[in-house]
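> Just the structure for this:
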Amino acid sequence: MEATILSNCATESYRSDPEYCSHKTDYDEVYLADHLYESGNVHLQDCSNQHWLPLNQWLSKENALSNIWVGLLKMTDRLKTSTSTDNVDNIKRFQKLIDFLHYIANRASLKPFYLQMLKTALEVIPNTISPTGLYAPFISYSNIEQIDVEESGLSLSEAYSREQKKDIRKLIENCFQKDELLDSDLNVMTKSDKKQINKILMSLQNNKKLRLFLEKVERAIFLHPIKQFNVQVQYIPQQFEVESSDKHYHLQLQYMENGIKPTLLLQANKKFHQMYTGYFNKPARSVQTFNVEKESSFFSRFFPSDNQDDNSLGDISNYFKNQLKQSWNKLSPETHTQRERPTNDEMNECLMRLRQESQESWQELIKSITESNVQLFQYGLGLRITPITLVSLFQQNKKQLDLTDDQRTLLGGILVCWTLQQQLERALYLDTQGKLEDLAKELSNIPHSNWIPSEHISWLILELEMNITIREMQVKVARHMMQPNLNLDKQEVQSIVMQMNMGEGKTSVILPMLAVGLPSSSSSLIRLIVLKSLFPTNYQSLRCKLGGLINRRVFPFVCRRDLNFTNQQIQLIHSRLQNALADCDVMITTPEDILSFDLLTIDNCRQYNFATGRSMLTMQRWLKTYVRDVLDESDEILHVKYQLIYTVGTQQQVDGGAERWNTIQSVLELVKRHAADISNEFEKNVCYKPSERKSAFPQFRLQSSTPFRSLRERIVKDWLRTRNYRKDAEKNILSFVTDANVSIETVKDKFPADDIRSFLVIRGLLSSEVLLVALKKRYRVHFGANQKANYNRLMAVPYRAKDVVADRTEFGHPDLAIVLTYLSYYYSGLNDGQLTRVFDRLTTEENNPEAIYDEWIAYEET
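Here you go, the predicted structure:
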């Protein structure tokens, strides 16, 4: 598009088939006043000083051609009269802008002739269109077709007599001709009528000025020949069809027998079909790691003085010092076994030897492949022999690379040599940089020490792709997870959970190892399940690691309620999954997407979309049969908080409605009353900060479940005191709300339905420990209100971190959501907008606003 805009091709220089090219640039003549500004509303914008970039700003509705044409005309006059040094460049920029608008004319439904008029005003007319510099006012115009009083359809009130109406119309006509408004001192009409008529008069006068200006511009432009645009050559893109490689004919290559050097083949066989023992046979020796002097100097940095007089926190310091010494003695033995580190010269010598071996082996491999098929490769009928193509096809057993066993062994030995070279290059770099600790760690990882490369070719290529050495522990973990974990009866496969420390390569190394080691075209499709917050990072990382030499597709599986899958789309997805199973592709998704697909299946069946629902159920059964799940951060993914709820039907109140809110609020009032006492009684288990005002809620958070039993007993006793029940009834209520095992039959038919509903709410808060869960959460860390402008709900929502709202997430338990909503506004208060709405409702919808307001104030006065 940019090349088309900036092209300066001659108008008559190109001829082509009229089917693909239009030479028409003399567009039909149209008039401003009769077409562009014929009727409707217009908002003229003064864009004479507006920069031409970015180009997408001219595509908005605000910059419609009817709104900016007069401003562009004013820009042409400014460019013709400007004396600035960069005026030539400004004129070229304006011409490019007009060419751009011409380029998108068909798509934007623009009349190109209006652009030709601007081009003529700039390039043909020598003088300015408006020598006086007066243009139509850049304001909003309404009903621009109305330019006189008769067309406006002005109607007067029936309160005026016929003679009065006649006089008023003459007065209005007179004001319109003189370009004036009605006098404010005129007593013939009311103020409201005069205001309305003046508004109409002003609109008519502005419309008239605009019409006169447009007619003047048309006369000035039509006195000169209209400037034409360059020819636009339409580009018809070629259509390509992707063919499957299975449809192509593959030539069978003939190989020489016994054509590979025995020495190279023997070296490759040792590396590819056997475990590796290491580069250097250095002896192991005992090394003393720490001595008494180092230990004492270490402790002196943290505990400079043991004198109790110098240290006000002596007891605490001694406690931590003793604990640290115990850890020091356990984790730091006096001696340990360590191999001698090779010198820099020894590593360079080994590296040169590996490079020479890999080069000779590569030349021998190419010779064995091409020597018997010289003509095929000369004419380009054979596969290109490059490291990328051979390595990529090596582990796939494709027909394009039907190698002999010796050739495969030689190629495998070459890959092992390359991975060993990479490790030595990393070691030499660390030695050069003086990073001796990292160097020791690098050399301690002996490649392929507990696995044979020929049995795990994908892992070998993964090492080469990622420039890493897979450690022994990573191999042990991956193998353990790949082996089926059968139960005692050896009938069912059980799940496996592995735990490793941070930084040991769970996501970066073991996850790709499982992704390439587990798939089988006949058994399983690997589905990696990751946290939603880590999905973009993990997806890009896996694509980078698996999409290169290993040549595995990594495709995401995304499902949301607003996608509205059809039956045809579900069948396409199912077909894609079946192809992924055959091609050993890797699927990556999140827990929310899996749960959403399950709920969408139920929702389609509920809405009688049986065709779509049946396809989704079939796909679910297929996934359960063939998919093998690998969960990263399984402790988070398997947490109970990962639930997904779809709302169904019309919105309804929770059971109990406003009374449920009032009951929970009364319980929180009792929590506020006993917060200080609970804090004094359980100092180590409670985080408490008293409020500055009596009416405010204190900062109160339980750090364990220990104080909750005492708090629960106090809440129940105080709550029962506010009720007028007999003692025997109180005993039944007390046992029911504090013991979750007590049946509802103890209170059923003995109390009103509203009271039983309140009992159930209290029981859920106390015996089911909903209140405990809420009081353990930290405000603005685990929960809070969503303050985003585009979020229309006021309920508390989960937080992912400090002041980071979890998008599209809500608390599933209604009572927990209500409690946390109360606590959110207790801690934060109401903002100005919320407070304004509160007072508006108080004054407009409540019967006795003064009494309610006095009740609010009384909380602070008591």
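> and the closest residue to Ala268 other than its chain neighbours, what is it in contact with?
Spatial nearest neighbour of Ala268, excluding adjacent residues (CB to CB, 6 or more residues apart in numbering): Gly413 at 2.5 Å. (C-beta placed from N, C-alpha, C; glycine too.) Going by CB atoms under 8 Å, 6 or more residues apart in numbering, Gly413 touches 264, 267-272, 361.
> For Gly413, pull up the helix or strand it's in.
Gly413 is part of helix 405-433, with elements assigned from DSSP states H and E.
> For that helix, buried residues please.
Judged by neighbour count (16 or more other CB atoms under 10 Å), helix 405-433 contains these buried residues: 406-424, 426-427, 430-431.
> gap between it and the chain center?
39 Å (CA atoms, centre = their mean, to the nearest Å).
> so what's Asn732 closest to, chain neighbours aside?
Per CB to CB, 6+ apart, closest to Asn732 is Thr746, 5.2 Å.
> Kindly report the same for Leu253.
Asn373 (5.0 Å).
> same check, this time on Leu65
Leu110 (5.5 Å).
> cool, His448 as well?
Tyr276 (4.1 Å).
> Next: Ala427.
Closest to Ala427 by CB to CB, 6+ apart is Glu442, at 5.1 Å.
> Quick check: the gap between the most centrally placed residue in the chain and Ser596.
For the chain, the residue nearest the mean C-alpha position is Pro536 (7.3 Å; CA atoms, centre = their mean). Separation of Pro536 from Ser596 (CB to CB, to the nearest Å) stands at 18 Å.
> Also Lys802?
28 Å.
> Of these two, give the one with the bigger neighbour count.
Ser596 (19 against 10; other CB atoms under 10 Å).
> quick revisit: the residue nearest to Leu65 - how many residues pack around it?
Counted with other CB under 10 Å, Leu110 comes out at 16.
> wait, doesn't it sit right on Phe100?
No. Counting by CB atoms under 8 Å, Leu110 does not reach Phe100; the two are 11.1 Å apart.
> Tell me the buried residues in the helix ranked longest in the chain?
Using DSSP state H, we find that the single longest helix of the chain is helix 191-222. By neighbour count on 16+ other CB under 10 Å, the buried set for helix 191-222 is 193-194, 197-198, 200-201, 203-211, 213-214, 217, 220-221.
> C-alpha coordinates for whichever helix or strand the residue nearest to Ala427 is part of, CSV please?
Counting by DSSP H and E, the element that carries Glu442 is helix 436-444. Only the C-alpha atoms of helix 436-444 are listed here, as CSV (Å, rounded to 0.1, in the frame of the first residue of the first chain):
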residue,chain,number,x,y,z
LEU,A,436,34.9,-21.0,39.2
GLU,A,437,31.8,-22.1,41.1
ASP,A,438,29.7,-22.2,38.0
LEU,A,439,32.5,-24.0,36.2
ALA,A,440,32.6,-26.7,38.9
LYS,A,441,28.9,-27.2,38.6
GLU,A,442,29.1,-27.4,34.8
LEU,A,443,31.8,-30.0,34.8
SER,A,444,30.2,-32.1,37.6
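> would you say Ile645 is within a strand?
No. Applying DSSP: H, G, I helix; E, B strand; the rest coil, one finds Ile645 to be coil, outside a strand.
> Phi, psi for the closest residue to it other than its chain neighbours please.
Excluding the flanking residues, the one nearest Ile645 by CB to CB, 6+ apart is Gly812, at 5.4 Å. The phi and psi values for Gly812, taken as degrees, to the nearest 10, are phi -80, psi -30.
> if I read this right, Cys175 contacts Met202, doesn't it?
No. Using CB under 8 Å, Cys175 is not in contact with Met202; the gap is 10.3 Å.
> so what sits against both of these two?
Leu181.
> Now do the strands in the stretch 451-600 of the chain.
Secondary structure of the stretch 451-600 of the chain by DSSP state E, counting those that start in this stretch: the strands cover 485-486, 493-494, 525-529, 554-556, 586-589.
> could you dump these to CSV with distance to His639, mean pLDDT and mean neighbour count?
What follows is the strands of the stretch 451-600 of the chain, written out as CSV (distance: least, CB to CB, whole Å; pLDDT from 0 to 100; neighbours: other CB atoms under 10 Å):
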stretch, distance to His639, mean pLDDT, mean neighbour count
strand 485-486, 22, 65, 11
strand 493-494, 20, 72, 10
strand 525-529, 13, 94, 23
strand 554-556, 22, 94, 17
strand 586-589, 17, 95, 23
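> would a markdown table of those with distance to Gly829 be doable?
As requested, the strands of the stretch 451-600 of the chain are exported to a markdown table (distance: least, CB to CB, whole Å):
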| stretch | distance to Gly829 |
| --- | --- |
| strand 485-486 | 54 |
| strand 493-494 | 52 |
| strand 525-529 | 41 |
| strand 554-556 | 42 |
| strand 586-589 | 41 |
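> right, and those - which one's nearest Leu171?
strand 554-556 (73.1 Å; CB to CB).
> Buried ones in the strand or helix carrying Thr625, by neighbour count?
Secondary structure assignment for Thr625, by DSSP H and E: helix 610-626. For helix 610-626, the buried set under the neighbour-count rule, 16+ other CB under 10 Å, comprises 612-613, 615-617, 619, 623, 626.
> How about stretch 818-838?
Applying 16+ other CB under 10 Å to stretch 818-838 flags 818-824, 826-827 as buried.
> that older thread, wouldn't the residue nearest to Leu253 be in contact with Ile366 here?
No. Here Asn373 does not reach Ile366: they are 11.4 Å apart, not a contact under CB under 8 Å.
> before we move on, back to that, show the contacting residues for the residue nearest to Ala427.
Residues in contact with Glu442 (CB under 8 Å, 6+ apart) are 423, 426-427, 430, 469.
> From those, pick the one nearest Leu181.
Leu181 lies nearest to Arg426 out of the contacts of Glu442, by CB to CB, at 85.4 Å.
> Please list all residues in contact with that closest one.
Arg426 touches 442, 467, counting by CB under 8 Å, 6+ apart.
> Check Lys367 too.
Gly259.
> now it: how far from Leu415?
18 Å.
> before we move on, back to that, generate a PyMOL selection restricted to the buried entries among the contacts of Gly413.
This is the PyMOL syntax for the buried subset of the contacts of Gly413, where burial follows 16+ other CB under 10 Å:
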select buried, resi 264+267+268+269+271+272+361
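> Compile the contacts of Gly413 into TSV and extend it with columns for pLDDT, secondary structure and distance to Val761.
Below are the contacts of Gly413 laid out as TSV (pLDDT from 0 to 100; DSSP: H, G, I helix; E, B strand; the rest coil; distance: CB to CB, whole Å):
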residue	pLDDT	secondary structure	distance to Val761
Leu264	91	helix	81
Gln267	91	helix	78
Ala268	91	helix	75
Asn269	92	helix	75
Lys270	92	helix	75
Lys271	91	helix	71
Phe272	92	helix	70
Ser361	93	helix	77
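> got a markdown table for the contacts of Gly413, with distance to Gly517 too?
Shown next, in a markdown table, are these (distance: CB to CB, whole Å):
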| residue | distance to Gly517 |
| --- | --- |
| Leu264 | 29 |
| Gln267 | 26 |
| Ala268 | 23 |
| Asn269 | 23 |
| Lys270 | 23 |
| Lys271 | 20 |
| Phe272 | 17 |
| Ser361 | 26 |
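> Lovely, talk soon.
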